[in-house]
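Colleague: could you look at this predicted model? Sequence included:
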2 protein chains.
Amino acid sequence: MAKQEFLLTGTGGQGLILAAIMLAEAGIYAGQNVVQSQSYGPEARGGASRAEVIIGNEAIRYPKVEKPTLVLTLSQEAYKKYGLNLTEDAILVVDSSQVNEVKPRSKNLYSLPITKTARTRLGSEQSANVVALGVVASFSGQIPMEDVLQAVRQRAPKGTAEQNVKALELGWQLGLKAGAKQDDRHSQNEGDEQCRI
Amino acid sequence: MAKQEFLLTGTGGQGLILAAIMLAEAGIYAGQNVVQSQSYGPEARGGASRAEVIIGNEAIRYPKVEKPTLVLTLSQEAYKKYGLNLTEDAILVVDSSQVNEVKPRSKNLYSLPITKTARTRLGSEQSANVVALGVVASFSGQIPMEDVLQAVRQRAPKGTAEQNVKALELGWQLGLKAGAKQDDRHSQNEGDEQCRI
């Protein structure tokens, strides 16, 4: 597959590092080369979280994300830091309940009810990381669902496999629907209801 | 603190990525800059696991380990791949029950009963990753125990915090004892008993 670079950002405690490890391992199961990393600077002590995944079928020369294919932001602060100044082609996914102020983009902007889906469909925002993983993996378009499923089952904390599989499926559908509605994007952004699954 | 580079290697399922994340987060609590990463190539599909952590008080320019301060190997295969060709100054820690064939080094070689301690003192080899973390962190000499404890409590899977705190303490003592006996290293390597805590 062509190289893809993912940036998963939010606050500590949202489980984004685990989601990034699951995405990385799904890439392995799909037969790709992968580098997964987190860089922590002073901002990590303020609660910011940022995890990177690079996946591709060629050797990965530079192990840090340079030109993201997709940026996920699960907090307003993360959006301000990582969601602006992207290339037009970069896909930006923001959480519709956590990121309220979003600068319009001509394309590739998706405001999706990730934490809301976790809360209302799974009973806990703790699964939002795996809902997000499902969104990201479906947007990738290059990692088979069965490989993501395998990674989720492998990495889910004990006793949470089924909950996380359900979260993955909900996120995957959310991503697919949003992608299919791309032309209708602005109306999606007006409210969660139209993106709800 | 001066920059330190750690390489934690073994097989998939030993929990070394989690141990590396705990080490990284301990570094954050200690006020340092940290990069933590895993690179997966074709060997990952054969079950090999390799996680990196770089910790220091200056900005980390290149995010991959280039000249390790400490290499941990929890399998013979990992030892063959990462335990040879180190500089004299690099500390090499091998698991005494998993790595049976070790080429002598003039210094900085430690064969320690990491998985054995997990099995005999904690009732399960599953805790070997956190015993290993304790060894590595104590060898570092620059990360306070309380910061490692905080990271372990934060990251331990639900219901396993106490088990993992105990594992950390056992590993920390194992590392301290081995470091103190450095001049007496060769006798330690003859059997586990002398390193047992």
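Modeller: Yep, it's here.

Colleague: residues contacting stretch A:69-87, please?
Modeller: With contacts defined as CB atoms under 8 Å, 6 or more residues apart in numbering or on different chains, stretch A:69-87 is touched by A:4-11, A:14, A:16, A:43, A:48-50, A:67-68, A:90-95, A:98-103, A:105, A:114-115, A:128, A:132, A:135-136, A:139-140. Using the backbone N, CA and C atoms, a C-beta is placed for each residue, glycine as well.

Colleague: mind listing which of those residues are in helices?
Modeller: Counted as lying in helices by DSSP state H, out of the contacts of stretch A:69-87, are A:16, A:114-115, A:128, A:132, A:135-136, A:139-140.

Colleague: assign residue A:35 to helix, strand or coil.
Modeller: Here residue A:35 is recorded as strand under DSSP: H, G, I helix; E, B strand; the rest coil.

Colleague: so it bridges to which residues?
Modeller: Each beta-bridge partner of residue A:35 is listed here, defined by DSSP bridges: residue A:54, residue B:39.

Colleague: give me the low-pLDDT residue ranges for chain A?
Modeller: The model of chain A has pLDDT under 70 over residues A:182-197.

Colleague: which residues of it lie near chain B?
Modeller: Residues of chain A found near chain B (CB under 8 Å from any CB of the partner chain) are A:17, A:21, A:24-25, A:27-28, A:31, A:33-42, A:44-45, A:59-60, A:63-64, A:157-159.

Colleague: now do the contacts for whatever residue of chain A ends up closest to chain B.
Modeller: When scored by CB to the nearest CB, chain A has residue A:37 as its residue closest to chain B, at 3.5 Å. Residues in contact with residue A:37, defined by CB under 8 Å, 6+ apart, are A:51-52, A:63-64, B:35-38, B:63.

Colleague: just the angle for whichever helix or strand residue A:27 is part of relative to strand B:33-40, thanks.
Modeller: With elements delineated by DSSP states H and E, residue A:27 resides in helix A:16-29, which encompasses its position. Relative orientation of helix A:16-29 versus strand B:33-40 (axes from the mean of the first three to the mean of the last three CA atoms, to 10 degrees): 20 degrees.

Colleague: run through the neighbouring helices and strands of helix A:16-29.
Modeller: In terms of contacts (3 or more CB pairs under 8 Å, 6 or more residues apart in numbering or on different chains; DSSP states H and E), helix A:16-29 is packed against strand A:4-11, strand A:33-40, strand A:48-56, helix A:128-140, helix A:145-155, strand B:33-40.

Colleague: ranking these by burial, who's on top?
Modeller: Greatest average neighbour count among these goes to helix A:128-140 (a mean of 28), per mean count of other CB atoms under 10 Å in any protein chain shown.

Colleague: hang on, the earlier thing: what about the helix holding residue A:27, distance to the chain center?
Modeller: Remark: helix A:16-29 is offset 11 Å from the chain centroid, using CA atoms, centre = their mean, to the nearest Å.

Colleague: ok, now stretch A:131-138?
Modeller: Distance of stretch A:131-138 from its chain centroid, counting by CA atoms, centre = their mean, is 5 Å.

Colleague: stretch A:3-11 now?
Modeller: Here the centre of stretch A:3-11 is set off from its chain's centre by 7 Å, with CA atoms, centre = their mean.

Colleague: cool, and stretch A:17-33?
Modeller: The chain centroid and the centroid of stretch A:17-33 are separated by 13 Å under CA atoms, centre = their mean.

Colleague: with stretch A:114-134 instead?
Modeller: Taking the mean of its C-alpha atoms, stretch A:114-134 sits 12 Å from the chain's own mean (CA atoms, centre = their mean).

Colleague: just the CA trace of that stretch, in PDB.
Modeller: Included here for stretch A:114-134 are C-alpha records, laid out as PDB according to Å, rounded to 0.1, in the frame of the first residue of the first chain:
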ATOM      1  CA  ILE A 114     -17.000   9.800  18.300                       C
ATOM      2  CA  THR A 115     -17.200  10.200  22.000                       C
ATOM      3  CA  LYS A 116     -21.000  10.600  21.700                       C
ATOM      4  CA  THR A 117     -21.300   7.300  20.000                       C
ATOM      5  CA  ALA A 118     -19.200   5.600  22.700                       C
ATOM      6  CA  ARG A 119     -21.400   7.200  25.400                       C
ATOM      7  CA  THR A 120     -24.800   6.600  23.800                       C
ATOM      8  CA  ARG A 121     -24.200   3.300  22.100                       C
ATOM      9  CA  LEU A 122     -21.700   1.600  24.400                       C
ATOM     10  CA  GLY A 123     -22.500   3.200  27.700                       C
ATOM     11  CA  SER A 124     -19.000   4.700  28.300                       C
ATOM     12  CA  GLU A 125     -16.700   7.300  26.800                       C
ATOM     13  CA  GLN A 126     -13.900   5.000  27.600                       C
ATOM     14  CA  SER A 127     -14.500   3.200  24.300                       C
ATOM     15  CA  ALA A 128     -14.100   6.400  22.300                       C
ATOM     16  CA  ASN A 129     -10.500   5.500  21.400                       C
ATOM     17  CA  VAL A 130     -11.600   2.400  19.600                       C
ATOM     18  CA  VAL A 131     -14.500   4.100  17.900                       C
ATOM     19  CA  ALA A 132     -11.900   6.600  16.700                       C
ATOM     20  CA  LEU A 133      -9.700   3.700  15.600                       C
ATOM     21  CA  GLY A 134     -12.600   2.400  13.500                       C
END
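
Colleague: that's all I had, so thanks and see you.
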